[in-house]
Structure formats: C-alpha cells, structure tokens
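Chemist: below is the sequence, then the predicted model.
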Amino acid sequence: MTKPNLLSGMQPSAGSLHLGNYLGALVNWAGMQDDYNAYYVIVDLHAITSPQKPAELRTNSRRTAAQYIAAGIDVTKSALFVQSHVPAHAQLAWVLNCITGFGEASRMTQFKDKSQKAGADSASVGLFTYPILQAADILLYQPKAVPVGEDQRQHIELTRDLAMRFNARFGDTFTIPEAVILKETAKIYDLQNPTAKMSKSTADPKGLVNIMDDNATILKKIKSAVTDTEGIIKFDREAKAGVSNLLGIYSAISGRSIESIEGEFEGAGYGVLKAEVANVVIAAIEPIRERTQELMSDQNELDRLLAEGADKANEVAEATLAKVYDAIGFLKAAK
Ligand code: TYM
C-alpha cells in the first residue's frame with residue numbers, strides 16, 4: 001500500500017528554532033515519518049517577507065535544516081529541502097494569486113498582526129501574498145496531512161479553499177489537505193507574556209526558549225517565567241496563564257497528564273515546579289543543540305543532503321505544476 005503524502009515547513013528567519021516550533025511541530029513531524037511520505041521544507045522565500053541580512057539568511061537556512069535532522073527528521077525516509085531550490089513553489093504561487101480574492105487575502109489574521117507591527121508603509125506585498133505561497137508549498141506535494149501549530153490553522157483553511165476552487169474550475173488537480181494540530185502542544189506561550197504565543201518576534205527575549213540556548217540560559221529564562229501570587233500549582237488557562245504554560249510544557253515533554261503533574265506538585269512552590277520544568281526542557285534540548293552544532297561543522301555534507309532532498313521534491317513538484325499549467329490552458333513549449 002502506498003503511504004499518503006505529508007508536507008510541513010518552517011521559516012529560517014531567526015538564529016534558532018524555539019520551544020514552540022519544537023513542541024508544536026517538530027516532535028510531531030518526527031513521529032509521522034513512518035506513516036507518511038513526508039516532505040519537510042525550509043521556507044526561505046517566506047523568510048524574506050520581512051527584512052533579512054543575506055549572510056544570516058544563508059546560515060539560518062542551514063541551521064534550520066540541521067535542527068530538523070537533530071530533532072529526528074530522517075533524510076533516508078523523508079525529503080528535507082530548501083524552498084528556493086524548487087522553482088515550482090514561486091510558479092504555482094503566481095497561479096494561485098490569480099484565483100485568490102483581494103478581500104479573502106486581507107482577512108488573514110497573521111498578515112493583519114504582522115503588518116500592524118511593521119506599519120502599513122513597511123509591510124511588503126510579499127507579506128500580503130505570503131499565505132498564497134504557503135498554499136503553493138502545500139498543494140505541490142498533494143499531501144493529505146499538514147502537521148502545524150494552531151497559529152497556522154487559517155492558512156491551511158485558505159489552502160483548502162484554493163484547492164477546491166481550482167479543482168472546481170479546472171478539473172481535479174489537487175488533493176485537499178488537512179491540518180494536523182495536536183491539541184496539547186498546539187500553542188506554547190511566551191514565558192514573560194503567557195497569554196501570547198511563544199514567537200521569535202517577541203518583545204522580550206527572556207520569553208523565548210531557543211533550541212540553541214545553553215543550559216544556564218534556559219534555566220535562567222524558565223526561573224524568571226511570569227506566574228502569579230496565588231502559590232497553587234493548578235492548570236487554569238484563564239486565571240493562571242503562566243503556571244498553565246509551564247504545566248503544558250512539562251506535560252508535552254514528559255508525556256505525562258496534567259492531572260498527574262498537578263498531583264506530584266501539590267503543596268510545592270513555583271520555584272520547585274520551575275526547576276523541574278527546566279530539567280526536562282534541558283534534557284530534551286541539549287542533545288538536539290549538540291547534534292545541530294556537529295551537523296553545522298560539516299556544511300558540505302549538509303548541503304549535499306539538502307540537494308538530495310531538493311531532487312526528490314522537484315520531481316513531485318514539477319509533475320503537479322505541469323498538471324496545473326495544462327489544466328489552466330498554458331501552451332506547452334514545443335520540444
Ligand atoms: P513558523 O516558522 O512560524 O513556525 C513553524 C511551526 O511551528 C509552529 N509554532 C508553534 N507551535 C506551538 N506553539 C508556538 N508558540 C508556536 N510557534 C510556532 C507553527 O505553527 C508551525 O507549524 N507559515 C509557516 C511556515 C510555512 C508552512 C508552509 C507551514 C510556510 N509554508 C507549508 C506548513 C506548510 C510559519 O510561519 O511557520
């Protein structure tokens with residue numbers, strides 16, 4: 001029996017992935033490789049929708065790839081590649097731009113948030129069409145599953161709408177994908193501002209645990225996480241956002257239920273909980289950081305693996321693009 005396809009990706013827009021990327025997506029990705037034909041992409045075209053320094057972008061793309069591998073992506077099972085190595089992404093995005101409504105794109109909440117932060121004059125048209133490029137990333141690989149965190153739900157909905165619209169207008173071309181969002185880890189929150197999601201663009205770097213942070217830094221950040229003055233270790237997202245986030249992180253990493261963790265810490269102070277959360281986070285992240293550093297020390301090998309991944313990706317992406325071009329009525333170039 002052939003396995004269904006899967007696609008997911010991350011932006012190489014920072015020096016490191018963070019705990020939200022790891023728990024919200026990467027852990028899930030690694031676990032799905034045996035059941036799916038998986039394509040994992042480093043979306044450098046998306047990263048330039050906000051300003052990037054060229055040398056940093058190159059390093060961050062390699063480091064993101066190294067982090068995928070270090071966190072368990074097996075390149076003998078899955079295709080690991082860089083988006084700009086597969087020209088069909090930009091090509092399909094153009095076609096999808098032309099079937100997306102202006103109003104429809106204007107409703108994307110991530111665009112509204114980011115453009116508000118950047119200011120209307122510095123938000124680029126690329127930022128506006130970002131979700132349409134994301135739809136192209138996905139639809140090229142005809143995936144059934146797209147494992148992501150909660151913040152991507154609306155983009156996957158748009159992708160489904162565009163796929164259905166294209167199929168209805170031009171004939172069956174795309175598989176309709178589904179978001180796979182694990183409830184427990186769908187949203188990891190900022191340690192300093194625990195009602196906002198953990199994000200690389202956070203105002204306060206102390207709110208963010210990076211995979212590349214050393215152990216002492218991780219301990220410090222978790223110890224200074226914002227909690228409350230009640231002194232009771234109980235999960236309550238509304239009233240106790242900070243403590244609930246720590247419990248959620250602990251539960252996601254240890255695989256234990258929130259109730260059993262609440263039981264274990266009954267009567268204990270927040271300091272004890274924080275120390276224990278730091279322990280499990282460090283135990284999970286330290287080997288990934290070390291493996292990433294090892295992989296980064298042999299860039300030729302890393303580039304070779306990415307070229308192999310791009311070959312696999314190009315094969316599937318070109319076949320889908322050819323179908324799309326034909327369906328839409330583009331003339332075939334004579335051989
Ligand atoms: P990005 O790079 O912001 O994030 C990568 C993945 O990490 C998840 N994530 C989180 N999960 C839980 N808690 C958090 N605090 C948290 N922060 C991030 C995201 O949901 C995502 O799964 N637009 C995408 C990149 C993309 C993509 C794609 C994803 C481009 N093309 C095609 C899937 C399929 C993004 O900006 O992810």
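Modeler: Happy to help now that I have it.
Chemist: only C-alpha atoms for contact and neighbour calcs from this point on.
Modeler: Fine.
Chemist: following the lowest-mean-pLDDT helix or strand in the chain, which helix or strand comes up?
Modeler: When the helices and strands of the chain are scored by mean pLDDT, DSSP states H and E, helix 109-118 comes last with a mean of 85. Using DSSP states H and E, the helix or strand that follows helix 109-118 towards the C-terminus is helix 125-139.
Chemist: what helices and strands are in contact with the following helix or strand past that next one?
Modeler: Per DSSP H and E, helix 125-139 leads on to strand 145-147 as the next helix or strand towards the C-terminus. Strand 145-147 sits against strand 5-10, strand 178-180, with contacts defined as 3 or more Cα pairs under 8 Å, 6 or more residues apart in numbering; DSSP states H and E.
Chemist: how distant is the least confident helix or strand of the chain from the center of its chain?
Modeler: Averaging C-alpha positions (Cα atoms, centre = their mean, to the nearest Å) puts helix 109-118 18 Å from its chain's average.
Chemist: so it versus helix 125-139, what angle?
Modeler: Our comparison of helix 109-118 with helix 125-139, counting by axes from the mean of the first three to the mean of the last three Cα atoms, to 10 degrees, yields an angle of 150 degrees.
Chemist: next, the buried residues of helix 109-118.
Modeler: Within helix 109-118, the residues that count as buried by 16 or more other Cα atoms under 10 Å are 110-112, 114-115.
Chemist: stretch 261-279 now?
Modeler: In stretch 261-279, counting by 16+ other Cα under 10 Å, buried: 261-262, 270, 273-274, 276-279.
Chemist: how about those residues in JSON lines, adding secondary structure, distance to the ligand and pLDDT?
Modeler: Output for these, formatted as JSON lines (DSSP: H, G, I helix; E, B strand; the rest coil; distance: Cα to the nearest ligand atom, whole Å; pLDDT from 0 to 100):
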{"residue": "261", "secondary structure": "helix", "distance to the ligand": "20", "pLDDT": "96"}
{"residue": "262", "secondary structure": "helix", "distance to the ligand": "22", "pLDDT": "96"}
{"residue": "270", "secondary structure": "helix", "distance to the ligand": "22", "pLDDT": "97"}
{"residue": "273", "secondary structure": "helix", "distance to the ligand": "20", "pLDDT": "97"}
{"residue": "274", "secondary structure": "helix", "distance to the ligand": "19", "pLDDT": "98"}
{"residue": "276", "secondary structure": "helix", "distance to the ligand": "20", "pLDDT": "97"}
{"residue": "277", "secondary structure": "helix", "distance to the ligand": "17", "pLDDT": "98"}
{"residue": "278", "secondary structure": "helix", "distance to the ligand": "17", "pLDDT": "98"}
{"residue": "279", "secondary structure": "helix", "distance to the ligand": "20", "pLDDT": "97"}
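Chemist: what's the separation between residue 7 and residue 332?
Modeler: Separation of residue 7 from residue 332 (Cα to Cα, to the nearest Å): 28 Å.
Chemist: please work out which of the helices and strands packed on strand 145-147 is packed deepest.
Modeler: Greatest average neighbour count among those goes to strand 5-10 (a mean of 23), per mean count of other Cα atoms under 10 Å.
Chemist: quick check, it touching the ligand?
Modeler: Yes. Residues of strand 5-10 contacting the ligand under Cα under 6 Å from any ligand atom: 8-10.
Chemist: which one, of the helices and strands packed on strand 145-147, ends up nearest to residue 170?
Modeler: strand 178-180 (21.3 Å; Cα to Cα).
Chemist: let me see the residues that make contact with the helix or strand just after the closest one.
Modeler: Scanning forward in sequence from strand 178-180 by DSSP H and E, the next helix or strand is helix 215-223. Outside of helix 215-223, the residues within contact range by Cα atoms under 8 Å, 6 or more residues apart in numbering are 191, 206-210, 271, 274-275, 277-279, 282, 286.
Chemist: ok, so of those residues, who is nearest residue 92?
Modeler: For these, the residue nearest residue 92 by Cα to Cα is residue 210; the value is 33.2 Å.
Chemist: number of residues surrounding whatever residue of the stretch 201-335 of the chain ends up closest to the ligand?
Modeler: The nearest approach of the stretch 201-335 of the chain to the ligand comes at residue 208, 9.1 Å away (Cα to the nearest ligand atom). Around residue 208 there are 28 other residues, counting by other Cα atoms under 10 Å.
Chemist: cool, and residue 300?
Modeler: Considering only other Cα under 10 Å, residue 300 is surrounded by 11 other residues.
Chemist: is the ligand within reach of whichever strand or helix holds it?
Modeler: According to DSSP H and E, residue 300 maps onto helix 299-328. No. Using Cα under 6 Å from any ligand atom, helix 299-328 stays clear of the ligand, with a minimum separation of 13.5 Å.
Chemist: which non-adjacent residue is nearest residue 320?
Modeler: Distances taken as Cα to Cα, 6 or more residues apart in numbering place residue 140 nearest to residue 320, at 5.6 Å, with adjacent residues excluded.
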